[in-house]
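Visitor: Sequence first, then the predicted structure, then my questions.
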Protein chains: 2
Amino acid sequence: MGQAARVSYQSVKAKVLQSIRDSTWAPGTIIPGEVELAELFGCARATVNRAMRELAEEGILERKRKAGTLVKLSPTPRAKFDIPVIRDEIEQTGGVYRYALVKRVQSDVPSWLRAKLAMSEGDQALHLQCMHYHNNKPYQFEDRWINLEVVGSAAQIDFKDVGPNEWLLSEVPLTNAEITFAASRATKEIAEFLDSSEGDALFTTERITWIENRAVTFARLFYHLGYRLTTRI
Amino acid sequence: MGQAARVSYQSVKAKVLQSIRDSTWAPGTIIPGEVELAELFGCARATVNRAMRELAEEGILERKRKAGTLVKLSPTPRAKFDIPVIRDEIEQTGGVYRYALVKRVQSDVPSWLRAKLAMSEGDQALHLQCMHYHNNKPYQFEDRWINLEVVGSAAQIDFKDVGPNEWLLSEVPLTNAEITFAASRATKEIAEFLDSSEGDALFTTERITWIENRAVTFARLFYHLGYRLTTRI
DNA sequence: AAGTGGTCTAGACCACGGC
DNA sequence: CCGTGGTCTAGACCACTTA
């Protein structure tokens, strides 16, 4: 056939977005079904399907079987953040990364952590504190607990040269995680490590990592004063 | 045919993940091509393709034409946050939402904002300050500027009943945005609005919204003390 | 019960990018 | 050059949901 430049799912997405913008399909509208759209755009249903599936994933559309596809009333911005390994984050900007171990203590798991990680009384945990530097300026203070009942091999590592996050990544790949963003005031100790002042507002993240329903580690990361996390959507 | 329960892309994903977990395909490994995998799993190439495409999107794999598909060395956790309209965020948890306008002033755009939003000298802007309450407790203080050169109709709205974010969503749908997360210390004024103390560490987000390369609005959102943003990946 | 999205297949052509 | 992923098609069956 003449092969009139086959219709791509990208162009279908664009056309649908355009129709929403120019109010052909206002928010709340139920738009035509896939078969009809395929005919309208002159492409296969699979092509329409991929376009619509992605738009739904992006929070623009809402799809239900039988009911059809509708334009969301308040399209939910969906921010995506890549949470890179800190070494990569620094080296990708051309900076020099340096790591230092501050503290390393093995002990019974404290009760507050026992609850958080679903551990049992008497279970062993490894408590680490580390500093990460960017061009020799303080970048992040890391306060981490590792569940030795799950990754007992950590007890044999001194963590003097390699950070616990990097080590864990290679040891226990493909974990699930719960990430929390918050703000906290610098304690005197943390302020000293971060060349900051006691009481400064620090951007803070917490992360609990699981492998198949077993908690691997809990980390609190305190960023240097003025750190900002930015993304485009 | 016997229809031996067709192989789903979900199961292909699961099998690939399993092979990574048990080190059949260690990080850094180049895994077999799509045709070979399709044969291995007993399904069509399109099925393998969808599975692999999603795994790549999730940051587990890295794909390149000709080179093939490899298991990432440090799988990048990719956190996704839904940034809902604040009313929805509160009402979905069963809370009662209340909005109040604090300030509304139209003026020339200040120079710091002119640079940020790529506006011109003498352009008009609308400066709004608002409070959002959850069960009548302070939830968020909003400090927003609207570019009247782009959405001039905002000049006619009093924003006494409907918040600027909700109004903008209906007026200018499908915008792009740049979102920033940070921590900041409460000023005396903001602390009073949020029932907090001067100097408290507040979780803060900033957002610049664009429509086709024209800045629509800039907002700084200060959350009440103790607010945390959490997600699972 | 029936309509709509969800998915799978088999085959084809395309385009990027190592070699 | 040519292998690998990227995409499109036409057709089919399935499964969830609402009427």
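Guide: Cool, got the structure.
Visitor: Pull out the buried residues from the least confident helix or strand in chain A by mean pLDDT.
Guide: Least confident helix or strand, chain A: strand A:78-82 with a mean of 78, by mean pLDDT, DSSP states H and E. Of the residues in strand A:78-82, A:79, A:81 count as buried by neighbour count, 16 or more other C-beta atoms under 10 Å in any protein chain shown. Every residue, glycine included, has its C-beta placed from N, CA and C.
Visitor: what about the helix or strand following that strand, average pLDDT?
Guide: Once strand A:78-82 ends, the next helix or strand along the chain (criterion: DSSP states H and E) is helix A:86-91. Helix A:86-91 carries an average pLDDT of 84.
Visitor: Which residue ranges of chain A form strands?
Guide: Here chain A has its strands, by DSSP state E, at A:30-31, A:61-64, A:68-71, A:78-82, A:97-108, A:124-134, A:137-147, A:176-185, A:201-211, A:214-223, A:229-232.
Visitor: By mean pLDDT, show me the worst of the ones you listed.
Guide: Among the strands of chain A, strand A:78-82 carries the lowest mean pLDDT (a mean of 78).
Visitor: who's in contact with the residue nearest to A:His132 when sequence neighbours are not counted?
Guide: Once flanking residues are discounted, A:His132 sits nearest to A:Gln140: 4.4 Å by C-beta to C-beta, 6 or more residues apart in numbering or on different chains. Contact analysis of A:Gln140 by C-beta atoms under 8 Å, 6 or more residues apart in numbering or on different chains lists A:86, A:131-132, A:221-224.
Visitor: So what pairs up with A:Gln140 in the strands?
Guide: A:His132, A:Tyr223 (DSSP bridges).
Visitor: now swap in the one 4 residues further on and tell me
Guide: Beta-bridge pairing for A:Arg144 (DSSP bridges): A:Leu128, A:Ala219.
Visitor: got a list of what it touches?
Guide: Counting by C-beta under 8 Å, 6+ apart, A:Arg144 touches A:127-130, A:164-165, A:217-220.
Visitor: Give me the distance between it and A:Phe218.
Guide: Per C-beta to C-beta, to the nearest Å, A:Arg144 is found 7 Å from A:Phe218.
Visitor: And A:Gln156, how far from DNA strand D?
Guide: Distance, A:Gln156 to DNA strand D, by C-beta to the nearest atom of the strand, to the nearest Å: 37 Å.
Visitor: top of the contacts of A:Arg144 by neighbour count?
Guide: Neighbour counts for the contacts of A:Arg144 (other C-beta atoms under 10 Å in any protein chain shown) peak at A:Thr217, which has 26 neighbours.
Visitor: Quick one: mean pLDDT for stretch A:9-19?
Guide: Averaged over stretch A:9-19, pLDDT sits at 94.
Visitor: List the buried residues for that stretch?
Guide: By neighbour count on 16+ other C-beta under 10 Å, the buried set for stretch A:9-19 is A:9, A:12-13, A:16-17.
Visitor: Now cross-check the residues you listed against chain B and list the overlap.
Guide: With C-beta under 8 Å from any C-beta of the partner chain as the criterion, the buried residues of stretch A:9-19 include A:Leu17 near chain B.
Visitor: Out of the buried residues of stretch A:9-19, which sit inside helices?
Guide: If you go by DSSP state H, the buried residues of stretch A:9-19 have A:9, A:12-13, A:16-17 in helices.
Visitor: tell me which parts of chain A are close to DNA strand D?
Guide: With C-beta under 7 Å from any atom of the strand as the criterion, chain A comes near DNA strand D at residues A:6-11, A:42-47, A:50, A:64-67.
Visitor: and those residues near DNA strand C, which?
Guide: A:45-46, A:64-67.
Visitor: Pull the most distant pair out of those.
Guide: A:Ala46 and A:Ala67 (21.0 Å; C-beta to C-beta).
Visitor: Show me which of these two is the more surrounded one.
Guide: The neighbour count for A:Ala46 versus A:Ala67, taken as other C-beta under 10 Å, is higher for A:Ala46 (12 against 9).
Visitor: Spell out which residues of chain A are next to DNA strand C.
Guide: Counting by C-beta under 7 Å from any atom of the strand, the residues of chain A near DNA strand C are A:3, A:33-35, A:45-46, A:49, A:52-53, A:56, A:63-69.
Visitor: Go again with 6 Å.
Guide: A:33-34, A:46, A:49, A:53, A:63, A:65-66, A:68-69 (C-beta under 6 Å from any atom of the strand).
Visitor: Columns distance to A:Leu202 on top of these, output as CSV?
Guide: Shown next, in CSV, are the residues of chain A next to DNA strand C (distance: C-beta to C-beta, whole Å):
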residue, distance to A:Leu202
A:Gly33, 51
A:Glu34, 49
A:Ala46, 49
A:Asn49, 46
A:Arg53, 40
A:Arg63, 41
A:Arg65, 47
A:Lys66, 50
A:Gly68, 48
A:Thr69, 44
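Visitor: What is the nearest of these to A:Asp200?
Guide: Set against A:Asp200, the nearest of these by C-beta to C-beta is A:Arg53 (45.0 Å).
Visitor: How about the closest residue to the closest one other than its chain neighbours: which residues does it bridge to?
Guide: Spatial nearest neighbour of A:Arg53, chain neighbours left out: A:Arg63 (7.8 Å); criterion: C-beta to C-beta, 6+ apart. On the basis of DSSP bridges, A:Arg63 is bridged to A:Thr69.
Visitor: Tell me who's in contact with A:Arg63.
Guide: Counting by C-beta under 8 Å, 6+ apart, A:Arg63 touches A:52-53, A:56, A:69.
Visitor: One more: A:Ser107?
Guide: Contacts for A:Ser107 (C-beta under 8 Å, 6+ apart) come out as A:124-125, A:127.
Visitor: any idea which of these is closest to B:Asp108?
Guide: Nearest member of the contacts of A:Ser107 to B:Asp108, counting by C-beta to C-beta, is A:His127, at 55.3 Å.
Visitor: Return the distance of the closest one relative to DNA strand D.
Guide: The spacing between A:His127 and DNA strand D, counted by C-beta to the nearest atom of the strand, is 43 Å.
Visitor: my read: that residue touches A:Asp108, true?
Guide: No - if you go by C-beta atoms under 8 Å, A:His127 and A:Asp108 don't touch, sitting 10.6 Å apart.
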